[in-house]
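**Student:** everything below, folded, please.
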Amino acid sequence: MHKQIIVVLIVVFGSAGPAPVSAGFLTNDLLAFTSSQTREYGPVNLFAYGTTSTGGFNTNGAFDTARTAWVPGEFGMYAFTALNSMTAGQGGFSIARGISKESMLIAPQQGAAQGDPGVFHLSYHLDGSVIIDVGVTLDSGGLVASFGRVHYSWGFLAGDVGASLNNLGVNQQETWLGNQVSAIIDLDVDVPIPFKFGVPFYYYTDFRLEAGAGSSFGPSQGRAEADFFNTGTLLGGAVFDQYGNRILNPLVISDSGFDYVNPQSVSAVPEPSTLVLSSILFCMIGGVWSFKRLSQSTAAA
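**Tutor:** Sure, this is the predicted structure:
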């Protein structure tokens, strides 16, 4: 019977596979920040991954709204301002933002030893649209007194735990300013992160989207809209050793448990928790124990 119990243990833990990466924290100081803000409403801040939204008519009559969806591997931002007055000046702005910082560890593997340098490439795709359609209002001197503006910035930092973070040199930003602007964004971004095998490091990213419009006096009409909602995607990650050789099926552990290498794969779904496995184990052991007692009672009879 002892052999049967040992077999049960091997079956349960052998079939479960490796423990989910979230089971062991690297530094246990994961930072996630999700925020939406307008001129009169907000900021609505969530100190975690998630969604936020805010907006409404501000005190001078313009309408502002901002929305943010910020989760590992995918994100979306939306910012909008509208003017609608024939007699008075109006203005407004909206901001959507997401920040994350977490520790990672890429274990020594496939010929790469502890402390050897490597590069972890993350591939992102971003698309969206920008529309500025604000009526041209002139002041007494004939100068344009109305405007629309959209701006986004996307920054990336990394560094060993306990050391300062370094700019990775691939920051993205663009500003659209004027009364009539239309733009489509279709962008691929490669983020190369230097690291050392077996040494924990931090990865930090910050995306911010702004939209604003205004006029010094009436008429104030039009809008500034930046639609990047559900358009940011992490396509995947690749690990290279110091000689430029790609590591096949690399083991990359993140503090959040998110799979940065295969973000869209089924393998990114967490395995059953230790508690669930323990419950299954005890039920199976209990069944074996009950069977043993039943056998003994039957033999005694």
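
**Student:** averaged pLDDT, stretch 118-136. What do you get?
**Tutor:** Taken as a whole, stretch 118-136 has a mean pLDDT of 97.

**Student:** so how far is it off the chain centroid?
**Tutor:** Relative to the chain's own centre, stretch 118-136 is displaced by 15 Å; criterion: Cα atoms, centre = their mean, to the nearest Å.

**Student:** now stretch 41-56
**Tutor:** On Cα atoms, centre = their mean, the centre of stretch 41-56 falls 15 Å from that of its chain.

**Student:** could you do stretch 34-50 as well?
**Tutor:** Centre-to-centre, stretch 34-50 and its host chain are 16 Å apart (Cα atoms, centre = their mean).

**Student:** ok, now stretch 221-230?
**Tutor:** 21 Å.

**Student:** how about stretch 173-188?
**Tutor:** Mean C-alpha position of stretch 173-188 versus that of the full chain (Cα atoms, centre = their mean) differs by 23 Å.

**Student:** now do the helices in the protein.
**Tutor:** Assigned by DSSP state H, the helices in the chain fall at 2-16, 274-300.

**Student:** got the buried residues for the longest strand anywhere in the chain?
**Tutor:** The strand that spans the most residues within the chain, counting by DSSP state E, is strand 220-241. Within strand 220-241, the residues scored as buried using 16 or more other Cβ atoms under 10 Å are 220-229, 231-234, 236-241. No exception for glycine: its C-beta is placed from N, CA and C like everyone else's.

**Student:** for stretch 152-170, same thing?
**Tutor:** For stretch 152-170, using 16+ other Cβ under 10 Å, the buried residues are Y152, W154, G155, F156, L157, A158, G159, D160, L168.

**Student:** can you redo the residues you listed as TSV with pLDDT and distance to F258?
**Tutor:** What follows is those, written out as TSV (pLDDT from 0 to 100; distance: Cβ to Cβ, whole Å):
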residue	pLDDT	distance to F258
Y152	98	23
W154	97	19
G155	97	19
F156	98	16
L157	98	18
A158	98	16
G159	97	19
D160	95	20
L168	97	19
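
**Student:** can I get those residues in TSV with distance to G98?
**Tutor:** Formatted as TSV, these follow (distance: Cβ to Cβ, whole Å):
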residue	distance to G98
Y152	12
W154	10
G155	11
F156	13
L157	14
A158	17
G159	20
D160	24
L168	17
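
**Student:** which among those gets closest to Q109?
**Tutor:** Each of the buried residues of stretch 152-170 was checked against Q109 using Cβ to Cβ; the closest is D160, at 18.7 Å.

**Student:** name the nearest residue to the closest one, ignoring sequence neighbours.
**Tutor:** In space, and not counting its chain neighbours, D160 is closest to F201: 5.1 Å by Cβ to Cβ, 6 or more residues apart in numbering.

**Student:** contacts only, for the one you found.
**Tutor:** By Cβ atoms under 8 Å, 6 or more residues apart in numbering, the contact list for F201 reads S103, M104, L105, A158, G159, D160, V161, I193, F195.

**Student:** just to check, the second one is in contact with I253?
**Tutor:** So that's M104. Yes: between M104 and I253 there is a contact at 6.5 Å, judged by Cβ atoms under 8 Å.

**Student:** give me the common contacts of those two.
**Tutor:** By Cβ under 8 Å, 6+ apart, M104 and I253 have these common neighbours: L26.
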